[in-house]
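In: coordinates only, sequence not included:
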DNA sequence: ACGCTTCGTCGAAGCGTTTCGACGAGGAGG
DNA sequence: CCTCCTCGTCGAAACGCTTCGACGAAGCGT
């Protein structure tokens, strides 16, 4: 394995010159640069990442804090990861996967103190999140994918849930639906202060009011059977509902199945919009789900770029970026029958 | 940030002694060990990962070679990652995500030459895979999750596809099904030499013969609509089929939808078994899919442990471990009607 | 023709560990 | 009682890079 010393000798220059060629930290004459490049090519030289890291105090690795719960990631969450990895690579950075949730604070402490990572991307952010406090105390650089309750002073990139709910409701209202159910995340998420669940709940209320229509919110487990139960409850509460908004993809599939078995035709009797859903999942359903498509990869990439910029700048001010989900009309929404009759 | 020198001074010992306490490379008296530990605790000392890596030539990081195609990972693939991360962490290792497919050979070359990673876990292995050749040339340590066409001399951990097909067919035959379709991965996968597709195709043929029953294999895109088309084709070829084996989860959902629309009752008219499927996905279907549950996390963990053992040993001999999928009977299989009539 | 920058390069001092050889103190064996 | 090990510890030399200060050679204005 060739070292920089070998390259320097071969090119007939000093070690520091080779380093400057590599890092561009100081001006180098064209002639020297070429000699050095030639020598590197001939020797198949690759800088040693560890040595570089030690000397420069930067590893060019960022950590992705993502609690791997064992139940696996949905397509939507995976997209965050994909986007982040891609963006990091383009900038010459690497991504390390760290299964660190809100509870594993000491593990994060170790990780951050080891100086192995230049910065952190925090996923699955809770409204109150130990990790955020800790990273702040340690004066680490980090960007949230999501938001805490009080994001002032933090950098975060998130989905614009408020906008997404507004757009979804507007779509249903535009089709003539006047009674709408919102199947949210589970009771536990709501109680635990999971951001998306809380924010969408509020936004839903607001949207109902704004459009002057009625509706009901029902929590649901993030499973197909949870969705079935939830839509059952919703129909008891509002027997005449014709529109449904679902927060969870799994629940959405359950809802479709339940409606079918209740001999209700989707989209004609009841229209369903799935929120924050990837195209891949939407297509699994029959008919394919009309959905608010998650800008997953874009969020991941944006967060990464913000983090990298901060690493370069040393910037540490508040930063917020909200990306909207875009409506993708497929087979589960249509003009309300009730509307047509008139 | 406290360094080892600080700890040494505080404990009144030499730097090397502190190092020996940390690494356990040489015997240390109980008294000294305690002094050192106390000093470390007081200073909140954490070893610097980069310095350690440089001096010891080991980063304690392993790379996960996983082409992130943008279409996202299924729950099944995610489980590999989860299992690997978990196993690595238990052993004090970290996992780096590297989006490197068969085509990105030079990227892998760089990665492996940089000495940032101690070893590699290779996912999405093709029957002929450039990455494998390259890693071998570079004398890197690696373990495949999957298998190449000729795995002699390699270390790999994989799902036992042959066994899985056997078990699935046996289940259907046991329920009295005598005409069975196998909906495999796509034509392209088959042509491209994708291991699981090829292996299961062969195993299916063999199983049919062994049981003395008839059947047909149909390729399918890995999407719901692909599954719909495939089951259509299969029914044209074998109008009287009562059993279906599906390789892809997405296709399985499409098949269920198509059968329902053809007014065929699942499981009574046609029974369906989905192969290599996680419980989460199986439950999305209505009725829930009878499936061969993928030992995803176990495979990831096993591969990681093998890799770590090799890093310790320097072992480099052939190693193979095949884990079976286990049958999980849910709602899509039942005794064949045809069988009952007799 | 003179001092003053600016440019391009060099040597050397780190960066924070690990690891190797050495060495004094006891204990065992003769 | 002397020799030979083993045990526990130390000092110093790497590991391969970045970065700082210095320095000669031009290039500039005057």
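Out: In hand now; what should we look at? Values in this document were obtained by computation on a predicted structure and should not be read as measured data.
In: would you map the helices across the stretch 1-150 of chain A?
Out: Here the stretch 1-150 of chain A has its helices, by DSSP state H, counting those that start in this stretch, at A:4-11, A:15-23, A:30-43, A:49-56, A:75-90, A:105-113, A:130-137.
In: those into CSV, with extra columns for distance to residue B:82?
Out: To be clear about C-beta, it is placed using only N, CA and C from the backbone, and glycine gets the same treatment. Output for the helices of the stretch 1-150 of chain A, formatted as CSV (distance: least, Cβ to Cβ, whole Å):
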stretch, distance to residue B:82
helix A:4-11, 39
helix A:15-23, 37
helix A:30-43, 39
helix A:49-56, 26
helix A:75-90, 12
helix A:105-113, 16
helix A:130-137, 19
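In: buried deepest among those, which one?
Out: Per residue and on average, the most neighbours among the helices of the stretch 1-150 of chain A fall to helix A:75-90, with a mean of 23 (mean count of other Cβ atoms under 10 Å in any protein chain shown).
In: follow-up on the earlier one: mean pLDDT lowest for which of the helices of the stretch 1-150 of chain A?
Out: The weakest mean pLDDT among these belongs to helix A:75-90, with a mean of 90.
In: need the three-state assignment for residue A:157.
Out: strand (DSSP: H, G, I helix; E, B strand; the rest coil).
In: specify the beta-bridge partners of it.
Out: residue A:145, residue A:321 (DSSP bridges).
In: surely it touches residue A:299?
Out: Yes. Counting by Cβ atoms under 8 Å, residue A:299 is a contact partner of residue A:157 at 5.6 Å.
In: quick check: neighbours shared by the two?
Out: A:145, A:323 (Cβ atoms under 8 Å, 6 or more residues apart in numbering or on different chains).
In: need the residues of the stretch 1-150 of chain A near DNA strand D, please.
Out: Residues of the stretch 1-150 of chain A lying close to DNA strand D (Cβ under 7 Å from any atom of the strand) are A:1, A:3-5, A:15-16, A:19-20, A:22-23, A:25, A:45, A:47-48, A:51-52, A:54-56.
In: what's near enough to touch the spatially most central residue of chain A?
Out: Nearest to the mean C-alpha position of chain A, counting by Cα atoms, centre = their mean, stands residue A:80 at 4.3 Å. Going by Cβ under 8 Å, 6+ apart, residue A:80 touches A:123, A:145, A:296-297, A:299-300, A:303.
In: switch to 6 Å and redo it
Out: Shown in contact with residue A:80 (Cβ atoms under 6 Å, 6 or more residues apart in numbering or on different chains): A:145, A:296, A:299-300.
In: what does the model give the residue nearest to it when sequence neighbours are not counted for pLDDT?
Out: Leaving aside its sequence neighbours, residue A:80 sits nearest to residue A:300 (Cβ to Cβ, 6 or more residues apart in numbering or on different chains; 4.0 Å). pLDDT, residue A:300: 96.
In: what pairs with the closest residue to residue A:171 other than its chain neighbours across the strands?
Out: If the residues on either side of it in the chain are set aside, residue A:171 comes closest to residue A:327, at 5.7 Å by Cβ to Cβ, 6+ apart. Beta-bridge partners recorded for residue A:327 (DSSP bridges): residue A:292.
In: quick one: residue A:274 and residue A:291 touch, right?
Out: Yes. Counting by Cβ atoms under 6 Å, residue A:291 is a contact partner of residue A:274 at 4.3 Å.
In: shouldn't residue A:173 be within a helix?
Out: Yes. Read with three-state DSSP, residue A:173 is one of the residues of a helix.
In: wait, what's in contact with it?
Out: residue A:211.
In: got the domain ranges for chain A?
Out: A:4-56, A:61-159+A:296-325, A:161-293+A:327-341 (automatic domain parsing).
In: can you tell which of those is closest to DNA strand C?
Out: Set against DNA strand C and scored by Cβ to the nearest atom of the strand, the domains of chain A come closest in domain A:4-56, at 2.9 Å.
In: quick check: phi and psi at residue A:243.
Out: phi -130, psi 140 (degrees, to the nearest 10).
In: what's the closest non-adjacent residue to it?
Out: residue A:177 (3.5 Å).
In: tally of neighbours for that neighbour?
Out: 26 (other Cβ atoms under 10 Å in any protein chain shown).
In: ranges for the helices of the stretch 151-300 of chain A?
Out: Going by DSSP H, counting those that start in this stretch, the stretch 151-300 of chain A shows helices at A:161-174, A:187-192, A:195-211, A:224-237, A:249-261, A:279-282, A:296-313.
In: distance to residue B:248 added to the ones you listed, as CSV?
Out: CSV is the format used below for those (distance: least, Cβ to Cβ, whole Å):
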stretch, distance to residue B:248
helix A:161-174, 30
helix A:187-192, 31
helix A:195-211, 30
helix A:224-237, 19
helix A:249-261, 17
helix A:279-282, 12
helix A:296-313, 22
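In: tabulate these (JSON lines), appending distance to DNA strand D.
Out: As requested, the helices of the stretch 151-300 of chain A are arranged in JSON lines below (distance: least, Cβ to the nearest atom of the strand, whole Å):
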{"stretch": "helix A:161-174", "distance to DNA strand D": "41"}
{"stretch": "helix A:187-192", "distance to DNA strand D": "43"}
{"stretch": "helix A:195-211", "distance to DNA strand D": "38"}
{"stretch": "helix A:224-237", "distance to DNA strand D": "52"}
{"stretch": "helix A:249-261", "distance to DNA strand D": "45"}
{"stretch": "helix A:279-282", "distance to DNA strand D": "41"}
{"stretch": "helix A:296-313", "distance to DNA strand D": "12"}
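In: pick the most buried one from these.
Out: Buried most deeply of those, by mean count of other Cβ under 10 Å, is helix A:249-261, with a mean of 24.
In: who touches it?
Out: Looking at what lies outside helix A:249-261 - Cβ under 6 Å, 6+ apart - the contacts are A:183, A:220, A:222-228, A:231, A:246, A:266, A:270, A:274, A:277, A:281, A:285, A:289, B:284, B:286.
In: repeat for stretch A:189-201
Out: Residues contacting stretch A:189-201 (Cβ under 6 Å, 6+ apart): A:127, A:146-147, A:161, A:165, A:184-185, A:217, A:219.
In: can you check stretch A:291-301 too?
Out: A:76, A:79-80, A:82-84, A:87, A:157, A:164, A:168, A:274-278, A:282, A:323, A:325-328.
In: residue A:221 - how many residues pack around it?
Out: Residue A:221, neighbours per other Cβ under 10 Å, totals 20.
In: for it, which non-adjacent residue is spatially closest?
Out: Per Cβ to Cβ, 6+ apart, closest to residue A:221 is residue A:186, 5.1 Å.
In: next one: residue A:101
Out: residue A:67 (3.3 Å).
In: list the contacts of that neighbour.
Out: A:99, A:101, A:124.
In: residue A:112 touches residue A:142, doesn't it?
Out: No. At 9.1 Å, residue A:112 does not count as touching residue A:142 under the criterion of Cβ under 6 Å.
In: quick one on the thing from earlier: next up, the contacts around the residue nearest to residue A:171.
Out: Residue A:327 neighbours (Cβ under 6 Å, 6+ apart): A:167, A:171, A:292.
In: tabulate the residues you listed (a markdown table), appending pLDDT and distance to residue A:38.
Out: Compiled in a markdown table, those are given as follows (pLDDT from 0 to 100; distance: Cβ to Cβ, whole Å):
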| residue | pLDDT | distance to residue A:38 |
| --- | --- | --- |
| A:167 | 97 | 57 |
| A:171 | 97 | 61 |
| A:292 | 96 | 54 |
